[in-house]
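Asks: Here's my sequence, what's the structure:
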Amino acid sequence: MSKLQRFTDRADQQVVLQLDKLNKIFNTGTPLQNHVLHDISLQVSRGELVALVGTSGSGKSTLLNVMGLLDVSSSGELRIQGQLVQGMTEQQRTQLRSESIGFVFQFHHLISAFSVLDNVLMPLMLRFGKPSTAQVEYAQYLLGEVGLTQFMHQSTNRLSGGQQQRVAIARALVTRPALVFADEPTGNLDTQTADEVFSLFERFNVEHQCAIVIVTHDPRLSARCPRTIRLTDGRIVYDGASADLPHLFASPL
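Replies: So this is what the prediction gives:
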């Protein structure tokens, strides 16, 4: 059995993300044509915690944008919770993204004119308008889980960087997504705060059973993910147990 099968061929896990021979080419047919992603094939199942690593220019951000339905591939197949993305309209992709995917970015993209609670509720407000009582209560619960109950009615600009990232994590989870993408979520944080934020990802991964894919340059954090996918020049060169990665690649991430 291959290392990839060890992570994906589990009867008790639902595949939430599947890529098959996915390619991304920019400026097709012009002198500036750039083939960024080459035949990317992978699966991520519900409850997995995966690190996506690679040097600058390896294609991580492009892959993240395609998987997160923020961009479209040039060829190949992408499925989110079994739904084939290719052929969907922009409206259909937007709906699938809002229903199934949560995002946490290095820069929090919080709105200081709104309270902490309203920032967490924002994805629901965009979908449904006024949130229901149950949705508000769930957002309040999430803020309690990230230790920010006392700040829920304050402006986000009164929070530290680590606290703002906690708000962003709660916001990503408020729609109960099957899949969460985190792009360098600890990149602007000191070591201790980064460890605390990453611990939240670990806990929510277990408690909510959402699949989490984390793009990171920090080898300490990637080592804490059970599985690591490494890109080099737009190709997957490793997909397996994080514990085995240091023995195969001596160069820095």
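Asks: does Asn23 sit in a helix, a strand or a coil?
Replies: strand (DSSP: H, G, I helix; E, B strand; the rest coil).
Asks: Quick check: it vs Asp233, distance?
Replies: Distance from Asn23 to Asp233, counting by CB to CB, to the nearest Å: 13 Å. The C-beta positions use only the backbone N, C-alpha and C, and glycine is treated the same way.
Asks: which residues do those two both contact?
Replies: His38 (CB atoms under 8 Å, 6 or more residues apart in numbering).
Asks: So the residue of the chain most remote from its centre: helix, strand or coil?
Replies: Farthest-out residue of the chain from its mean C-alpha position, per CA atoms, centre = their mean: Pro31, at 33.1 Å. Secondary structure, three-state DSSP: Pro31 is coil.
Asks: any idea of the pLDDT on it?
Replies: Per-residue pLDDT puts Pro31 at 89.
Asks: neighbours around Ser58, how many?
Replies: For Ser58, the tally of surrounding residues (other CB atoms under 10 Å) stands at 21.
Asks: ok, and the closest non-adjacent residue to it?
Replies: Using CB to CB, 6 or more residues apart in numbering and skipping residues adjacent in sequence, the residue nearest Ser58 is Leu231, 4.2 Å away.
Asks: residues contacting that neighbour?
Replies: Leu52, Val53, Gly54, Ser58, Gly59, Lys60, Leu63, Val237.
Asks: And the residue nearest the centre of this structure?
Replies: Centre-most residue of the chain, counting by CA atoms, centre = their mean: Phe181, 0.6 Å.
Asks: any idea how far that residue is from Gln154?
Replies: On the measure of CB to CB, Phe181 and Gln154 end up 27 Å apart.
Asks: likewise Val50?
Replies: Distance, Val50 to Gln154, using CB to CB: 34 Å.
Asks: Show me which of these two is the more surrounded one.
Replies: Val50 (23 against 13).
Asks: May I have the beta-bridge partners of the more buried one?
Replies: Per DSSP bridges, the residues bridged to Val50 are Val213, Arg227.
Asks: which residues touch it?
Replies: Val50 touches Val44, Ala211, Ile212, Val213, Ile214, Cys225, Pro226, Arg227, Thr228, Ile229, counting by CB under 8 Å, 6+ apart.
Asks: what does Glu196 give?
Replies: Glu196 neighbours (CB under 8 Å, 6+ apart): Gly162.
Asks: so when I look at it, I'm seeing a helix, right?
Replies: Yes - with three-state DSSP as the criterion, Glu196 is part of a helix.
Asks: Tell me the spacing between it and Asp118.
Replies: On the measure of CB to CB, Glu196 and Asp118 end up 24 Å apart.
Asks: same thing with Thr216?
Replies: 29 Å.
Asks: For these two, indicate the residue with more neighbours.
Replies: Comparing Thr216 with Asp118 by other CB under 10 Å, the one with more neighbours is Thr216, at 25 against 19.
Asks: tell me the contacts of the nearest residue to the more buried one once chain neighbours are set aside?
Replies: Closest residue to Thr216 apart from its sequence neighbours, by CB to CB, 6+ apart: Ser222 at 5.4 Å. Residues counted as contacts of Ser222 (CB under 8 Å, 6+ apart) are Ala51, Val53, Ile214, Thr216, Thr228, Ser242, Leu245, Leu253.
Asks: The fifth one contacts Ser242, correct?
Replies: Yes - the criterion here is CB atoms under 8 Å, and Thr228 meets it with Ser242 at 4.3 Å.
Asks: any shared contact partners between those two?
Replies: Ala51, Ser222.
Asks: low-confidence ranges in the stretch 101-250 of the chain?
Replies: Residue ranges of the stretch 101-250 of the chain with pLDDT under 70: 246-250.
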